[in-house]
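K.L.:
Okay, predicted coordinates and the sequence, questions at the end:
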Amino acid sequence: MTLEELFNKLWIDYTAQNPAAKKVYELFTTEGEEVVNDHIAFRTFDDPKINIDVLSKTFLEKGYEEKGQYEFKEKHLFAKHFEHKTDKNAPRVFISQLKTSDFSEFLQKILKSVVHNISEEALVSEELIFSGNVWGTPDYDTYLRLREESEYAAWVYVYGFRANHFTVSVNGLKKFDNLEQVNQFLKDNNFLLNSSGGEIKGTKEQLLRQSSIMANHISVEFTNGVYSIPGCYYEFAQRYLDENGKLYSGFIAKSADKIFESTNYYKG
Ligand code: NI
C-alpha cells in the first residue's frame, strides 16, 4: 500500500462514519479551496501491543520519522509526532497514548481485556491503523463508566484505531487569511466550535494557532442498544514562520490538551 492509498483509506473511513467531517471539507471545496491536510491524529493505550511504537510502524516504514514528544499531565497522555523525511506535502502524523496505570483497577481491567481480544493477525497487520474497533462491540454501561475517568479512554474503547481527526491547513487556504475567518465561516454554517480554553488555542508567538469543531453525534451500535455519541471531529491549524524564516512544524502541548476535548460527550 502506498502512502497515498493509506491516507485515502483513512479519509474514506473517517468521512463515511462522520458525515459532518465530509460536510466541512465540502464547504471549503465549494468555496474553490484546495484543502491541504496539516496533520491527522490517532489515539491508543500504552499497552506494548498497541502503543505509539506499534501504530507508528506503518508510517515509519513509509518514510516518516519521529519529530517531537509531548506530555499531557492532567489527561494522563503522552504523544509523539512524525513527519515524512522527503515528501513535504505528506501530512504530519500525531499519535497519543493513555497512561493506563494512572487509572482505576476497573479501567485497567477493561482495557486489558480489550487488548486481549485483538487477534494476533490484526496486531501484526499494517492495516491495524485503520481497522477501527478490533476487540468487539462495546458495552454502553462500560462506555459511561470509562467516561467518568477519561473521555479519551471511552472514545478509544468505542472507536479503536482510525483517524481521530483530519486538519485543514489554514496556510493552504486562499480566501481565508486567518483562523478567525475560518472559525466565523464554520459558525455561519452551524458548526459548534470547541471553546475549551477559548475558540483559538495558541498564539502567533507560539507559531501555531488551532481550533476545532466539536465531534458530531453519530449512532453507534452497543451490545445493549444503539446510542448517539460524539464521533470524530475536524481541526484547523494556522502556522507561522520561526526566527529563521522556517514554517513551525511542531505542536503546542497546552493547546493540544484542550483540542483533545473535542470528542468529550455533550448533549447532541
Ligand atoms: Ni490535531
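P.N.:
Nice, I can see it.

K.L.:
Identify the residues contacting the longest helix seen in the chain?
P.N.:
When the chain is parsed with DSSP state H, its longest helix is helix 3-17. Outside helix 3-17, the residues within contact range by C-beta atoms under 8 Å, 6 or more residues apart in numbering are 1, 21-22, 25, 37, 40, 58, 62-63, 84, 87, 90-91, 129-130, 132, 162-163, 166, 218, 231-232. C-beta here means a position set from N, CA and C on the backbone, and glycine is covered the same way.

K.L.:
Give the phi and psi angles for the residue of the stretch 151-268 of the chain found nearest the ion, as a check.
P.N.:
Closest contact between the stretch 151-268 of the chain and the ion, by C-beta to the ion, is at E235 (4.6 Å). In terms of degrees, to the nearest 10, the main-chain angles of E235 are phi -120, psi 160.

K.L.:
In this structure it contacts I259, no?
P.N.:
Yes: counting by C-beta atoms under 8 Å, I259 is a contact partner of E235 at 6.4 Å.

K.L.:
Look at V115 and say how many residues are nearby.
P.N.:
Residues within reach of V115, counting by other C-beta atoms under 10 Å, total 17.

K.L.:
Would you confirm that it contacts F45?
P.N.:
Yes: V115 is in contact with F45 according to C-beta under 8 Å; the separation is 7.1 Å.

K.L.:
intersection of neighbour lists for those two?
P.N.:
Both V115 and F45 lack any common contact, where contact means C-beta under 8 Å, 6+ apart.

K.L.:
The ion contacts on the stretch 151-268 of the chain?
P.N.:
For the stretch 151-268 of the chain, the residues in contact with the ion (C-beta under 5 Å from the ion) are E235.

K.L.:
Provide the strand pairings for whichever strand or helix holds S96, with the direction of each partner.
P.N.:
Per DSSP states H and E, S96 falls inside strand 92-98. If you go by DSSP bridges, strand 92-98 pairs up with strand 37-45 (parallel), strand 77-84 (antiparallel).

K.L.:
what do E235 and I259 both touch?
P.N.:
Listed contacts common to E235 and I259 are Q210, S212; contacts here mean C-beta under 8 Å, 6+ apart.

K.L.:
for I129, what are its contacts?
P.N.:
Applying C-beta under 8 Å, 6+ apart to I129 gives the contacts L6, L10, F42, L55, T58, F59, F161.

K.L.:
could you pull out the helices for the stretch 51-200 of the chain?
P.N.:
Secondary structure of the stretch 51-200 of the chain (DSSP state H, counting those that start in this stretch): helices at 52-61, 105-116, 120-124, 140-149, 151-159, 179-188.

K.L.:
Any chance of those helices in a markdown table with mean pLDDT as columns?
P.N.:
Listed next are these as a markdown table, based on pLDDT from 0 to 100:
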| stretch | mean pLDDT |
| --- | --- |
| helix 52-61 | 97 |
| helix 105-116 | 98 |
| helix 120-124 | 94 |
| helix 140-149 | 97 |
| helix 151-159 | 98 |
| helix 179-188 | 98 |
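
K.L.:
Go through those and pick out the most buried.
P.N.:
Highest mean neighbour count among the helices of the stretch 51-200 of the chain (mean count of other C-beta atoms under 10 Å): helix 151-159, with a mean of 23.

K.L.:
show me the contacts for the closest residue to L192 other than its chain neighbours.
P.N.:
Excluding the flanking residues, the one nearest L192 by C-beta to C-beta, 6 or more residues apart in numbering is M214, at 4.6 Å. With contact taken as C-beta under 8 Å, 6+ apart, M214 is in contact with L192, L193, N194, P230, Y233, S262, N264, Y266.

K.L.:
now, among those, which is nearest to K99?
P.N.:
Nearest to K99 among the contacts of M214 is N264, at 18.7 Å by C-beta to C-beta.

K.L.:
How many residues are close by whichever residue of the stretch 1-150 of the chain sits closest to the ion?
P.N.:
Nearest to the ion in the stretch 1-150 of the chain, going by C-beta to the ion, is A41, at a distance of 4.7 Å. Residues near A41, counting by other C-beta under 10 Å, number 24.
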